[in-house]
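Student: I need the structure of the sequence given here:
(one chain, ligands or ions: 1)
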Amino acid sequence: MASITILYMLGWGRSGGTLLGQLLGELPGFVYAGEIANVWSWSDRARCSCGAAGPSCPFWRGVFDRALGAWPDMERVLTSHSRSARLRHMPWLSLGLRTAQAKPYAEMLARVYEAVAETADAQVVVDSTRRPPEGLLLTRRGLDVRFLHLVRDPRAVAYSWSKRIKERPEGGTLAPHSSPTSTLHWVAWNLASEVLRRRRPSTLLRYEDLAHDPGAQLRRVLRELGIAGPPGPEERDLHVPPGTRFHALAGNPIRATDEPRPIEPDEEWRSRQPPHVRFLIGLATWPLLLRYGYVGRAGRRVG
Ligand SMILES: [Zn+2]
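Tutor: Okay, the predicted model is just below:
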């Protein structure tokens with residue numbers, strides 16, 4: 001097959017990855033299939049964002065047939081995944097150690113990404129998994145991986161994780177994280193993302209900038225990542241396309257919406273988050289808040 005490009009998002013959850021994926025997935029030659037490296041957490045009770053129930057989504061059936069010859073044993077893959085691709089393994093993997101243990105999982109991942117592109121007849125695979133270990137494993141398989149580091153104010157992220165989001169239609173919920181847990185992960189995953197970005201073409205995008213000016217930000221990140229092709233969406237496209245247009249098995253439940261939505265910055269945390277929580281998160285994250293422009297002069301527009 002023709003060579004493909006993987007536009008792999010980095011960062012921590014609840015940072016707008018689904019929004020970004022759906023916007024990019026509308027571009028000609030692009031495919032967005034949710035958090036591809038998290039499909040192993042998918043259960044038979046879950047639905048694809050296209051609405052297909054169980055392992056009956058024709059897209060993913062085609063992907064797994066191409067990549068693996070059959071629908072995978074998700075539990076077995078998850079076990080393999082947990083052995084070889086945790087955040088704590090990254091220093092070893094970066095140094096070329098533990099690679100034999102990770103190799104089967106890395107090879108399988110690479111085949112899945114290639115099969116996603118082939119099934120969708122696309123050249124660019126957009127992935128919102130954001131897990132740094134999988135990003136590292138993909139670079140080790142010789143794939144053309146470009147990193148899009150997506151960050152969001154950690155106070156907003158912690159507020160978002162504090163809420164339960166209802167899954168549809170099975171009635172389950174995404175487990176919330178406490179503010180300390182969210183903040184600890186935000187720091188760790190963003191630091192790991194920074195390290196990974198040195199390996200390949202990469203760029204940084206703040207959720208707040210994307211939500212305020214999506215057309216200009218998408219054009220900028222594609223240009224900075226060196227991804228040729230469409231000029232990027234024009235102002236008239238400033239709506240989130242319905243999730244049912246995609247085949248996102250894993251990710252935020254908003255992926256399953258069936259109506260276009262306006263793009264609006266989610267600023268609820270500013271009025272609802274207790275001031276002492278905001279203060280403590282700011283204290284714990286201030287070096288990165290400064291680096292990403294959430295405090296000081298560069299942060300004025302969103303602060
Ligand atoms: Zn589907």
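Student: Show me what the helix or strand hosting residue 6 is packed against.
Tutor: Assignment of secondary structure by DSSP states H and E places residue 6 within strand 5-10. Using 3 or more CB pairs under 8 Å, 6 or more residues apart in numbering; DSSP states H and E, the elements in contact with strand 5-10 are helix 17-25, strand 124-130, helix 132-140, strand 144-151, helix 179-197. Bear in mind the C-beta positions are built from the backbone N, C-alpha and C, glycine included.
Student: Please list the residues of the stretch 101-250 of the chain that sit near the ion.
Tutor: Within the stretch 101-250 of the chain, the positions adjacent to the ion are residue 247 by CB under 5 Å from the ion.
Student: one more time with 8 Å
Tutor: 246-249 (CB under 8 Å from the ion).
Student: Which of these sits closest to residue 260?
Tutor: Distance to residue 260, by CB to CB, is smallest for residue 246 among these, at 12.8 Å.
Student: check contacts around the closest one.
Tutor: The contact partners of residue 246, by CB atoms under 8 Å, 6 or more residues apart in numbering, come to 21-22, 25, 32-34, 49-50, 255.
Student: that older thread, can you put the helices and strands packed on strand 5-10 in a markdown table and add mean pLDDT?
Tutor: Compiled in a markdown table, those are given as follows (pLDDT from 0 to 100):
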| stretch | mean pLDDT |
| --- | --- |
| helix 17-25 | 92 |
| strand 124-130 | 95 |
| helix 132-140 | 90 |
| strand 144-151 | 97 |
| helix 179-197 | 94 |
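Student: Adding mean neighbour count, write these out as CSV.
Tutor: As requested, these are arranged in CSV below (neighbours: other CB atoms under 10 Å):
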stretch, mean neighbour count
helix 17-25, 26
strand 124-130, 27
helix 132-140, 23
strand 144-151, 24
helix 179-197, 19
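Student: how about the ones you listed, which one is nearest residue 162?
Tutor: Set against residue 162 and scored by CB to CB, the helices and strands packed on strand 5-10 come closest in helix 179-197, at 6.3 Å.
Student: how about the closest one as PDB, C-alpha atoms only?
Tutor: What follows is the C-alpha trace of helix 179-197 in PDB, where atoms were taken according to Å, rounded to 0.1, in the frame of the first residue of the first chain:
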ATOM      1  CA  SER A 179      -8.200  16.600  40.900                       C
ATOM      2  CA  PRO A 180      -4.900  15.400  42.400                       C
ATOM      3  CA  THR A 181      -4.900  12.300  40.200                       C
ATOM      4  CA  SER A 182      -5.800  14.300  37.100                       C
ATOM      5  CA  THR A 183      -3.100  16.900  37.800                       C
ATOM      6  CA  LEU A 184      -0.400  14.300  38.400                       C
ATOM      7  CA  HIS A 185      -1.300  12.600  35.100                       C
ATOM      8  CA  TRP A 186      -1.500  15.900  33.300                       C
ATOM      9  CA  VAL A 187       2.100  16.700  34.400                       C
ATOM     10  CA  ALA A 188       3.500  13.200  33.700                       C
ATOM     11  CA  TRP A 189       1.800  12.800  30.300                       C
ATOM     12  CA  ASN A 190       2.800  16.300  29.100                       C
ATOM     13  CA  LEU A 191       6.400  15.800  30.200                       C
ATOM     14  CA  ALA A 192       6.500  12.500  28.400                       C
ATOM     15  CA  SER A 193       5.000  14.100  25.400                       C
ATOM     16  CA  GLU A 194       7.600  16.800  25.400                       C
ATOM     17  CA  VAL A 195      10.400  14.100  25.300                       C
ATOM     18  CA  LEU A 196       8.700  12.300  22.500                       C
ATOM     19  CA  ARG A 197       8.200  15.400  20.400                       C
END
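Student: Next, the angle from that helix to strand 144-151.
Tutor: Taking axes from the mean of the first three to the mean of the last three CA atoms, to 10 degrees, helix 179-197 and strand 144-151 form an angle of 150 degrees between their directions.
Student: Let me see the mean pLDDT of the helix or strand that helix 179-197 is followed by.
Tutor: Toward the C-terminal end, the helix or strand that comes next after helix 179-197 (DSSP H and E) is strand 202-206. Strand 202-206 carries an average pLDDT of 97.
Student: Parallel or antiparallel, which strands does strand 202-206 pair with?
Tutor: Strand 202-206 has the following strand partners under DSSP bridges: strand 144-151 (parallel).
Student: which residues of the stretch 201-303 of the chain score low on pLDDT?
Tutor: Within the stretch 201-303 of the chain, the segments meeting pLDDT under 70 span 229-238, 251-257, 297-303.
Student: Residues touching stretch 52-66, excluding its own?
Tutor: If you take CB under 8 Å, 6+ apart as the criterion, stretch 52-66 is touched by 33, 39, 44-45, 47-48, 50, 70-72, 111-112, 114-116, 118-120, 247, 249.
Student: what mean pLDDT does stretch 58-70 have?
Tutor: 94.
Student: Show me how far it is from its chain's centre.
Tutor: 21 Å (CA atoms, centre = their mean, to the nearest Å).
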